[in-house]
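A.B. asks: Kindly return the folded structure for what I paste below:
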Amino acid sequence: MMRPLLSFLRDTRGAAAAEMALIMPLLLLIMFGSVELGNYFMDEHRLVQSVRDGARFAARQNFTNYPACSGSPGGTVVADTRMMTQKGTLDATADDLLPKWADPGTTFSVDVRCESSVNGSDMLGIYRSRLSTNCNGGTANGCAQVVTVTASLPYQPILSAFGFTGIGLHLNATSEAAVTGI
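C.D. replies: Sure, this is the predicted structure:
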């Protein structure tokens, strides 16, 4: 009776399978975590890129859409900039660049401020024809107007296909561009 017990304890044929069963959950966690982290950074980069494109688009709108030094621009600049940021085009039927744009947790804004100088240098350049003594008041004359586009939307994990809804992460991006009125 002692002999079969000792031979059973010395048997190593199932050792590799047992070790694999013990380490498999950790390997899967590392693998799926790496994929999810890569997806998060890719989506964050895509949002930063689209917000930058939106700021460039807004900066190239006509000066008449930027009558003041603060607040939102006029005309359809905000709606068009959101469309450009969200879809990469002004075609409303195009697909969104990122999911969750229609989510209630999504925020988007386009704001304008005026700068009279940066690091001691004036900002007049192309604005010389719009000279005025009032820079920080209610008019934009004499200042370089800077448009700021900001977007924040909930992150949708890849693993949401398996029932994971995420942990409340948001993708955030902000970009600025001087209004050139081209």
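A.B. asks: average pLDDT for the longest helix anywhere in the chain?
C.D. replies: Scanning the chain for the longest helix, with DSSP state H as the assignment, gives helix 15-59. Mean pLDDT, helix 15-59: 92.
A.B. asks: where does the closest residue to Val35 other than its chain neighbours land on pLDDT?
C.D. replies: Using CB to CB, 6 or more residues apart in numbering and skipping the chain neighbours, the partner closest in space to Val35 is Ile158 (6.3 Å). Backbone N, C-alpha and C define where each C-beta goes, glycine included. Ile158 is assigned 79 on the pLDDT scale.
A.B. asks: Ile158: neighbouring residues, count only.
C.D. replies: When counting by other CB atoms under 10 Å, one arrives at 14 neighbours for Ile158.
A.B. asks: ok, now Glu36?
C.D. replies: Glu36 has 16 nearby residues by other CB under 10 Å.
A.B. asks: how near is it to Asp103?
C.D. replies: Distance of Glu36 to Asp103, computed by CB to CB, to the nearest Å: 19 Å.
A.B. asks: ok so, going back, how about the helix or strand following the longest helix of the chain: buried residues?
C.D. replies: Downstream of helix 15-59, the next assigned helix or strand under DSSP states H and E is helix 77-87. Taking 16 or more other CB atoms under 10 Å as the neighbour-count basis, helix 77-87 is seen to contain the buried residues 77-78, 80-87.
A.B. asks: which residues does the residue nearest the centre of the chain contact?
C.D. replies: Centroid-nearest residue in the chain, with CA atoms, centre = their mean: Leu47, separated by 2.9 Å. Contacts for Leu47 (CB atoms under 8 Å, 6 or more residues apart in numbering) come out as 97-98, 151, 153, 171-173.
A.B. asks: Check whether Pro73 really touches Val147, as I assumed.
C.D. replies: Yes. The criterion here is CB atoms under 8 Å, and Pro73 meets it with Val147 at 6.9 Å.
A.B. asks: intersection of neighbour lists for these two?
C.D. replies: Contacts common to Pro73 and Val147, judged by CB under 8 Å, 6+ apart, are 58, 66, 110, 112.
A.B. asks: So which of the residues you listed sits lowest on pLDDT?
C.D. replies: Tyr66 (81).
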